[in-house]
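J.: just a sequence and a predicted model for now, questions to come.
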Amino acid sequence: MAMLKAGFLILLLTFSGVRIDGIVATVDDEVILISDIREEVAPLLADLRSKGLSQEEIQSEIDNATKKALDRYIERLLLYRKAINLGLQVDEKEIDDKVERIKRKYGSPEEFERLLKESGETFSEFRERVKQQLIALSFANQKRRDFEKEITISEPDILKYYNEHTEEFSHPQRVLVRRIFLSAPKNSPERESVRKRIYEIYEQIQKEGADFKELASSVSEGPEADQKGLIGWISKGDLIPELEEFVNKASVGEVSKPIETEWGFHILKVEERQEAGVIPYEQARLLIEPKLKENYVNERYQKWIDELKKEARIRIFL
């Protein structure tokens, strides 16, 4: 492990089938392996490839992402332990629903079972991991709601922020985009089955009237899936040419046919277009108030997490 960077191990574990693993951290008496954080980093790798980055840039991003994934894993572990100590649980149906949503991302039950077997994890272990994640997330959301009740944002606070951040409310011509992304590197054996799956998703949108946002949440493998596929505001040059070509020409509300790139398949939707300009205060204040509140909550939450970390014996070996 000392001779291999964690990011390199992520690459090996994800694409080569090499059975290499190693300890990346311990939290009190619990051990965290590189394979424990692989699933968080692997989708990002495909997304980075789709943006046309060099191998060196990708490696740097993966190394950084590995460290962040480990930090999130440690945070979830601490949250879960704290929640269990407080007697918090989640409904069994919520766990089952989450498991089913994850399984659907793999296209078929057989494909899911094959990949689960390859990972060396049993279904009961997989379900327990999902349960722990849901408990940790539920507890984190509860704490955030508690912190949000502590703060009131005044009109002078909002106006002050607007006047001090004028550049934030000036923008070039831009497009608000959502995406559904399925990972399938060019030479992977799953590429054809993933191609079939992405066209099935496209048919659900076009012919069955399925909601793009809900599909993005349930099936997309891109990092923006948690935001219902919302990539955000895109300006010229932000996307690789294959994706930008559609975005430049599409009308508001238009959904692309599946777009094939070296590292997977994309379906894009243009939500809104804006010409270059400055957002007036009355519109900006609707953005500023929740942002200031979110900033406060994030700061309070991070301080609380830092306190949990100080209470634990954490050793990191990256």
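T.: Ah, there it is. Every value quoted in this text rests on a predicted model; they were computed, and no experiment measured them.
J.: is residue 265 in a helix, a strand, or coil?
T.: Here residue 265 is recorded as strand under DSSP: H, G, I helix; E, B strand; the rest coil.
J.: dump the residue contacts of it.
T.: Listed by Cβ atoms under 8 Å, 6 or more residues apart in numbering, the contact partners of residue 265 are 181-182, 184, 194-195, 198, 258-259. C-beta: built from backbone N, CA, C; applies to glycine.
J.: cool, and residue 178?
T.: 212-213, 216, 224, 228-231, 268-269, 271.
J.: could you dump these into TSV and include secondary structure?
T.: Formatted as TSV, the contacts of residue 178 follow (three-state DSSP):
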residue	secondary structure
212	helix
213	helix
216	helix
224	helix
228	coil
229	coil
230	strand
231	strand
268	strand
269	strand
271	strand
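J.: one step back: TSV for the contacts of residue 265, including secondary structure, distance to residue 133 and pLDDT?
T.: TSV is the format used below for these (DSSP: H, G, I helix; E, B strand; the rest coil; distance: Cβ to Cβ, whole Å; pLDDT from 0 to 100):
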residue	secondary structure	distance to residue 133	pLDDT
181	strand	21	97
182	strand	22	95
184	coil	25	91
194	helix	24	94
195	helix	30	95
198	helix	26	97
258	coil	30	97
259	strand	31	97
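J.: possible to save the residues you listed as TSV with neighbour count and distance to residue 90?
T.: Formatted as TSV, these follow (neighbours: other Cβ atoms under 10 Å; distance: Cβ to Cβ, whole Å):
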residue	neighbour count	distance to residue 90
181	28	28
182	25	28
184	24	32
194	21	31
195	16	35
198	23	31
258	19	35
259	19	37
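J.: nearest to residue 96, out of the residues you listed: which one, please.
T.: Minimum distance to residue 96 across the contacts of residue 265 is 23.5 Å, recorded for residue 182 (Cβ to Cβ).
J.: the closest one touches residue 216, doesn't it?
T.: No: taking Cβ atoms under 8 Å as the definition, residue 182 is not a contact partner of residue 216, at 11.1 Å.
J.: sorry, back to before: as a markdown table, the contacts of residue 265 with distance to residue 289 would be great.
T.: Shown next, in a markdown table, are the contacts of residue 265 (distance: Cβ to Cβ, whole Å):
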| residue | distance to residue 289 |
| --- | --- |
| 181 | 32 |
| 182 | 37 |
| 184 | 42 |
| 194 | 42 |
| 195 | 44 |
| 198 | 39 |
| 258 | 39 |
| 259 | 37 |
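J.: what separates the residue nearest the centre of the chain from residue 183, distance-wise?
T.: Against the mean C-alpha coordinate of the chain, by Cα atoms, centre = their mean, the closest residue is residue 223 at 3.2 Å. According to Cβ to Cβ, to the nearest Å, residue 223 stands 11 Å off from residue 183.
J.: tell me, how many residues neighbour residue 68?
T.: Neighbourhood size, residue 68 [other Cβ atoms under 10 Å]: 14.
J.: doesn't it lie inside a strand?
T.: No: counting by three-state DSSP, residue 68 is not part of a strand but helix.
J.: and it, what pLDDT?
T.: Note for residue 68: predicted pLDDT of 88.
J.: how far away is it from residue 179?
T.: 21 Å.
J.: got it, and residue 192?
T.: Using Cβ to Cβ, residue 192 is found at 22 Å from residue 179.
J.: those two: which has the busier surroundings?
T.: Higher neighbour count among residue 192 and residue 179: residue 179, with 23 against 10, using other Cβ under 10 Å.
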